[in-house]
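J.: Sharing a model that was predicted from the sequence below.
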Amino acid sequence: MCLRHLLIQRAARLQERQALTATPWGTLGYPAFRNRVEGVALGLMATEPPPGARLSSATGGPWDWACEVAAACCGLVWDPGAAPVAAALLGGDQFNAEAGRQPYHDREAELQDATLLMDGLAQGELLRRLARLNRRLGWDHTTTVVLPMTQLATPELRGALWSALYAGSHAVLAAAAPDWQPEAFRELLPD
């Protein structure tokens with residue numbers, strides 16, 4: 001299984017569940033979150049980047065998370081040190097680009113367990129880590145986790161978002177998250 005399949009499964013199985021709440025988006029259910037991610041992915045794939053091309057996003061908002069998931073769905077490598085994607089991909093005129101539709105679907109055949117998500121971490125390994133972590137955390141589709149938007153660029157917060165997606169939980173990106181405990185996520189993603 002790859003991370004694209006995880007997103008597709010969550011959107012199909014949790015159609016009535018909340019996936020993400022964040023300013024300025026409000027609350028998105030799992031199907032709407034999938035649409036947001038795939039809109040970014042279609043924009044990315046319109047230029048037909050090679051598998052493993054590196055990218056990042058640095059808006060400081062929920063587009064960064066959607067872009068990271070989109071990169072995984074496209075078999076691209078998330079690299080916080082890479083040049084950020086164009087703002088036009090993030091809700092602008094390149095978002096949901098029709099020219100990216102076929103390349104996006106064609107890329108699916110290349111996604112596999114060993115497809116890199118980021119340096120030092122393949123998609124299959126992240127899924128295994130998430131399974132172990134979520135057994136320990138006890139997160140599931142009834143869990144709501146409040147996370148500090150100000151820490152969106154940290155591996156710990158991004159790990160918590162991946163964990164929430166894996167569990168089918170509701171992630172709330174808030175200005176303040178007094179109960180946020182990043183320690184559980186320190187080993188999930190590389191720095």
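T.: That came through fine.
J.: Strands along the protein, start to end?
T.: Along the chain, counting by DSSP state E, strands occupy 18-22, 26-29, 54-55, 77-78, 116-118, 121-122, 144-148, 170-174.
J.: I'd like the ones you listed laid out as CSV, including mean neighbour count and distance to residue 85.
T.: Backbone N, C-alpha and C define where each C-beta goes, glycine included. CSV is the format used below for the strands of the chain (neighbours: other Cβ atoms under 10 Å; distance: least, Cβ to Cβ, whole Å):
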stretch, mean neighbour count, distance to residue 85
strand 18-22, 21, 18
strand 26-29, 15, 20
strand 54-55, 19, 5
strand 77-78, 22, 11
strand 116-118, 21, 15
strand 121-122, 16, 20
strand 144-148, 17, 22
strand 170-174, 21, 19
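J.: Residue 154: which of those is closest?
T.: The minimum distance between residue 154 and the strands of the chain falls on strand 144-148, with 9.3 Å, by Cβ to Cβ.
J.: elements contacting that closest one?
T.: helix 155-167, strand 170-174 (3 or more Cβ pairs under 8 Å, 6 or more residues apart in numbering; DSSP states H and E).
J.: mind checking which of the strands of the chain is nearest residue 89?
T.: Residue 89 lies closest to strand 54-55 among the strands of the chain, at 9.5 Å (Cβ to Cβ).
J.: Could you export the helices and strands packed on strand 144-148 to TSV, including columns for distance to residue 125 and mean pLDDT?
T.: Written out in TSV, the entries for these read as follows (distance: least, Cβ to Cβ, whole Å; pLDDT from 0 to 100):
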stretch	distance to residue 125	mean pLDDT
helix 155-167	12	98
strand 170-174	22	98
